[in-house]
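Trainee: build me a structure from this.
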Amino acid sequence: MSKEEFNKVLEEKFITPIHFSYEVEKIVLREKVNYIDGILLYCERENIEVEAIPKLMTKPLKEKLKIDANRLNYMKNRSYSRAKLPL
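Mentor: Sure, this is the predicted structure:
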């Protein structure tokens with residue numbers, strides 16, 4: 001078995017971060033949902049525990065998730081400075 005064949009079999013048996021991100025992107029585009037819902041749909045369809053997701057996320061997917069979370073007001077807006085003037 002060549003290295004390429006081995007890698008293909010490995011990817012089919014185990015979810016890699018790249019495969020996970022690709023599948024979530026497909027769901028987001030096909031279902032017209034945000035990334036949060038896309039991740040949850042994928043987990044539901046594949047019987048994956050949500051707690052396992054951080055290990056499967058690529059950096060671009062994390063950024064898109066963060067943008068969605070900010071847009072939906074799920075995260076505190078950190079664009080302002082926390083510095084306070086002494087009074």
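Trainee: ok, Tyr22 - contacts?
Mentor: Residues in contact with Tyr22 (Cβ atoms under 8 Å, 6 or more residues apart in numbering): none are found. Bear in mind the C-beta positions are built from the backbone N, C-alpha and C, glycine included.
Trainee: also Tyr74?
Mentor: Ile36, Asp68.
Trainee: how near is it to Val33?
Mentor: 15 Å (Cβ to Cβ, to the nearest Å).
Trainee: next helix or strand past the helix or strand harbouring Arg45?
Mentor: Applying DSSP states H and E as the criterion places Arg45 in helix 35-46. Per DSSP H and E, the first helix or strand lying C-terminal to helix 35-46 is helix 53-56.
Trainee: wait, Glu23 touches Ile39, no?
Mentor: No. In terms of Cβ atoms under 8 Å, Glu23 does not count as a neighbour of Ile39; the distance is 9.6 Å.
Trainee: of the two, which one has the most company?
Mentor: Ile39 (25 against 18; other Cβ atoms under 10 Å).
Trainee: hmm, that one is touching Val24, no?
Mentor: Yes. The pair Ile39 and Val24 passes the contact test of Cβ under 8 Å, sitting 5.5 Å apart.
Trainee: where in this structure is pLDDT low?
Mentor: The chain contains residues with pLDDT under 70 at 6-13, 77-87.
Trainee: ranges for the helices of it?
Mentor: 3-13, 17-31, 35-46, 53-56, 59-71 (DSSP state H).
Trainee: on that earlier part again, which parts of the helix holding Arg45 are buried?
Mentor: Tyr35, Gly38, Ile39, Leu40, Leu41, Tyr42, Cys43 (16 or more other Cβ atoms under 10 Å).
Trainee: kindly report the same for stretch 58-68.
Mentor: Counting neighbours by 16+ other Cβ under 10 Å, one finds that the buried residues in stretch 58-68 are Leu61, Lys64, Leu65, Asp68.
Trainee: residues making contact with it?
Mentor: With Cβ under 8 Å, 6+ apart, stretch 58-68 has contacts from 17-18, 20-21, 24-25, 34-36, 39, 57, 74-75.
Trainee: that'll do, ta.
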